[in-house]
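Q: A structural model of the following input is requested.
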Amino acid sequence: MIQIKEEVRKALEEGRAVVALESTIISHGMPYPENLETALAVEKIVREAGALPATIAILDGVMKVGLSQEELHYLATTKDALKVSRRDIPYVLANKKNGATTVAATMIIAKLAGIRVFVTGGIGGVHRGGEDSLDVSADLMELARTSVAVVCAGAKSILDIGRTLEVLETHGVPVLGYKTNEFPSFYTPHSGYPVDYSMEDTMEVAKILKSKWDLGLEGGVVLAVPILEEVALEDATIEEAIKTALVHAKELGIHGKELTPYLLDELKRVTAGSSLKANIELVYNNARVGSSLAVELAKLG
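A: Numbering: from 1, shown residues only. Sure, this is the predicted structure:
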């Protein structure tokens, strides 16, 4: 039911650094060919930083930890891969279907494989208007229960950042900022909300992870890495685009798991592609930081 790529399995057995990567960003997060180019580039960044990449997906009902280039190409071009979160895993496995894993599902499979560091773009959270719709990403509950560090550019700007952080606090999930005191909001380094603690280097983060899990305190940790200023979008521009996209989504009756892909597509259109470029660059930056974290954590055993 779970198949770990040989080089990944060997690295884990030897206690070397491994970085988990999600596959929803490939099949549902970006258009082709940018999605495949980004996936391959991220894996290269991880290797160059001294860690092994392990992109995670479910193919023919098998949880795969580490994908071949052919499998990455399939996910980048197919329209048949389901978007898989925690609730979807049993169905996809039992029916031998193909699925791209979200943050939540990637965390689950990474933990099963013994991988403690996971790099993504941004975590899900409480959607705007979530106090009425109760539209809250399963990512937050997974962070509360699954012991994997998630390296991200904060939460997506389309979300209610304040309520997202409140949910994480309620469930005891530490939110650490990498060289920042402010929680980033994906396309911009700014959100107006503070992180719990600011970290100056990845060894400091690794020590916190080890202390938490050695104590038996289950659950994940968020390491929020701000997008680099030179590729960040203007706060006012992205906020105006998000509000317009939300109005259109409501008019079209788009909600649930279809909402985020729709909003990201709209932002790409409204920003003339700038949001996609920013998305790609922040993933690269997260991969560099996450790989460094995995290497430092491996040193601590």
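Q: Low-confidence ranges, this protein, go.
A: Across the chain, nothing is flagged by pLDDT under 70.
Q: And the helix ranked longest in it, what's buried?
A: Counting residues, the longest helix in the chain under DSSP state H turns out to be helix 274-299. Residues of helix 274-299 classed as buried: 274-276, 278-298 (neighbour count, 16 or more other CB atoms under 10 Å). (C-beta placed from N, C-alpha, C; glycine too.)
Q: Now V103. Nearest residue, chain neighbours left out?
A: D139 (4.3 Å; CB to CB, 6 or more residues apart in numbering).
Q: Quick check: the one you found touching V126?
A: No - counting by CB atoms under 8 Å, D139 stays clear of V126, with 10.5 Å between them.
Q: Which residue ranges of the stretch 151-300 of the chain form strands?
A: 175-178, 197-199, 221-224 (DSSP state E, counting those that start in this stretch).
Q: Contacts for the second one, please.
A: Translated: strand 197-199. P174, L176, G177, Y178, K179, T180, N181, V205, I208, L223 (CB atoms under 8 Å, 6 or more residues apart in numbering).
Q: rerun at 6 Å
A: L176, G177, Y178, N181, V205 (CB atoms under 6 Å, 6 or more residues apart in numbering).
Q: what about burial for those residues, which qualify?
A: By neighbour count, with 16+ other CB under 10 Å, those hold L176, G177, Y178, V205 as buried.
Q: quick check, nearest of those residues to V8?
A: V205 (22.2 Å; CB to CB).
Q: for that closest one, what are its contacts?
A: Here V205 is in contact with M199, L223, L293 (CB under 6 Å, 6+ apart).
Q: For the last one, which non-adjacent residue is closest in space?
A: In other words, L293. Distances taken as CB to CB, 6+ apart put T202 closest to L293, at 4.3 Å, once the chain neighbours are dropped.
Q: Return the member of the contacts of V205 nearest to Y187.
A: Nearest to Y187, judged by CB to CB, of the contacts of V205 is L223 at 18.2 Å.
Q: For the helix or strand where I109 lies, list every residue counted as buried.
A: In this assignment (DSSP states H and E), I109 forms part of helix 103-113. For helix 103-113, burial by neighbour count (16+ other CB under 10 Å) applies to V103, A104, A105, T106, M107, I108, I109, A110, K111, A113.
Q: can I get those in a markdown table with distance to L36?
A: Listed next are the buried residues of helix 103-113 as a markdown table, based on distance: CB to CB, whole Å:
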| residue | distance to L36 |
| --- | --- |
| V103 | 20 |
| A104 | 24 |
| A105 | 21 |
| T106 | 18 |
| M107 | 23 |
| I108 | 25 |
| I109 | 21 |
| A110 | 22 |
| K111 | 27 |
| A113 | 23 |
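Q: of all those, which comes closest to V8?
A: Among those, A113 lies closest to V8 (CB to CB), at 7.6 Å.
Q: Am I right that that closest one is in contact with M63?
A: No - between A113 and M63 there is no contact under CB atoms under 6 Å: 8.3 Å.
Q: hang on, the earlier thing: how about a markdown table for the contacts of strand 197-199, with distance to L36 added?
A: Output for these, formatted as a markdown table (distance: CB to CB, whole Å):
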| residue | distance to L36 |
| --- | --- |
| L176 | 31 |
| G177 | 31 |
| Y178 | 27 |
| N181 | 36 |
| V205 | 30 |
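Q: what two of these have the greatest distance between them?
A: N181 and V205 (15.1 Å).
Q: now the helices for the stretch 151-300 of the chain?
A: In the stretch 151-300 of the chain, helices defined by DSSP state H, counting those that start in this stretch lie at 161-170, 202-214, 235-252, 259-270, 274-299, listed in chain order.
Q: Pick out whichever of D139 and V126 has more residues nearby.
A: Taking neighbours as other CB atoms under 10 Å, D139 and V126 compare with D139 leading, 28 against 24.
Q: Spit out the contact partners of that one.
A: V103, A104, I123, G124.
Q: Of these, which pair is most distant in space?
A: A104 and I123 (9.4 Å).
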